[in-house]
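**Student:** Take this sequence and fold it.
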Amino acid sequence: MKRILTLLLCAAVCLNAAAANKKPKSFVVNTEKLGKEVMGFAGNTPVEITVTDGKIEKIEALPNSETPGFFQRVQESPIFTALIGKTVKEASEVKLDAVSGATFSSKAVIENIRLGLQEAAKKAK
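**Tutor:** Okay, here's the model as predicted:
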């Protein structure tokens with residue numbers, strides 16, 4: 001009996017050690033191709049979505065042709081931060097609001113994020 005308990009304890013310690021050394025599962029979704037038809041005011045507004053262990057780690061704007069002053073309003077809005085820390089499923093259910101004064105750009109970014117989250121959901125399975 002004592003030997004069985006010792007073996008079980010060793011197995012538990014080994015499993016915990018293996019879990020502690022496990023690297024996070026991370027991937028990036030780039031919407032340059034996914035959202036090539038999605039237009040802001042002056043063109044495409046692609047984003048990159050980084051997912052780590054099933055949660056949104058960051059969302060970044062990729063180079064685009066939008067007017068810098070207007071696009072800065074979008075970047076400073078909650079569009080790029082509201083989903084951080086949420087699971088892909090949770091993020092997919094959040095309704096993001098367009099930015100007043102940068103409506104075309106922000107709606108295009110929101111659509112690119114939506115497309116990126118759909119792709120992320122496929123990759124996360």
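
**Student:** For F80, which non-adjacent residue is spatially closest?
**Tutor:** I59 (5.0 Å; CB to CB, 6 or more residues apart in numbering). For glycine as for every other residue, the C-beta is placed from the backbone atoms N, C-alpha and C.

**Student:** Is it correct that the one you found is in contact with I84?
**Tutor:** Yes: counting by CB atoms under 8 Å, I59 does reach I84; the two are 7.4 Å apart.

**Student:** helices and strands of the protein: which one has the lowest mean pLDDT?
**Tutor:** Least confident helix or strand of the chain, by mean pLDDT, DSSP states H and E, is helix 2-21 with a mean of 60.

**Student:** need the next SSE after that one, C-terminal direction.
**Tutor:** Later in the chain than helix 2-21, the nearest helix or strand by DSSP states H and E is strand 26-30.

**Student:** Show me which positions of that next one end up buried.
**Tutor:** Buried positions in strand 26-30, judged by neighbour count with 16 or more other CB atoms under 10 Å: V29, N30.

**Student:** Can you name every helix or strand that that strand contacts?
**Tutor:** Helices and strands touching strand 26-30, by 3 or more CB pairs under 8 Å, 6 or more residues apart in numbering; DSSP states H and E, are strand 47-52, helix 103-124.

**Student:** what angle sits between the helix or strand following the shortest one and strand 26-30?
**Tutor:** Scanning the chain past strand 47-52 towards its C-terminal end, the next helix or strand to appear is strand 55-61 (assignment: DSSP H and E). When axes from the mean of the first three to the mean of the last three CA atoms, to 10 degrees is applied, the directions of strand 55-61 and strand 26-30 differ by 30 degrees.

**Student:** With only the CA atoms kept, save strand 55-61 in PDB.
**Tutor:** Extracted C-alpha coordinates of strand 55-61, given in PDB (Å, rounded to 0.1, in the frame of the first residue of the first chain):
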ATOM      1  CA  LYS A  55      -7.200  34.300 -25.100                       C
ATOM      2  CA  ILE A  56      -6.700  37.400 -27.000                       C
ATOM      3  CA  GLU A  57      -3.200  38.800 -26.200                       C
ATOM      4  CA  LYS A  58      -3.100  41.700 -28.500                       C
ATOM      5  CA  ILE A  59      -4.700  43.300 -31.600                       C
ATOM      6  CA  GLU A  60      -2.500  45.500 -33.700                       C
ATOM      7  CA  ALA A  61      -3.200  47.600 -36.800                       C
END
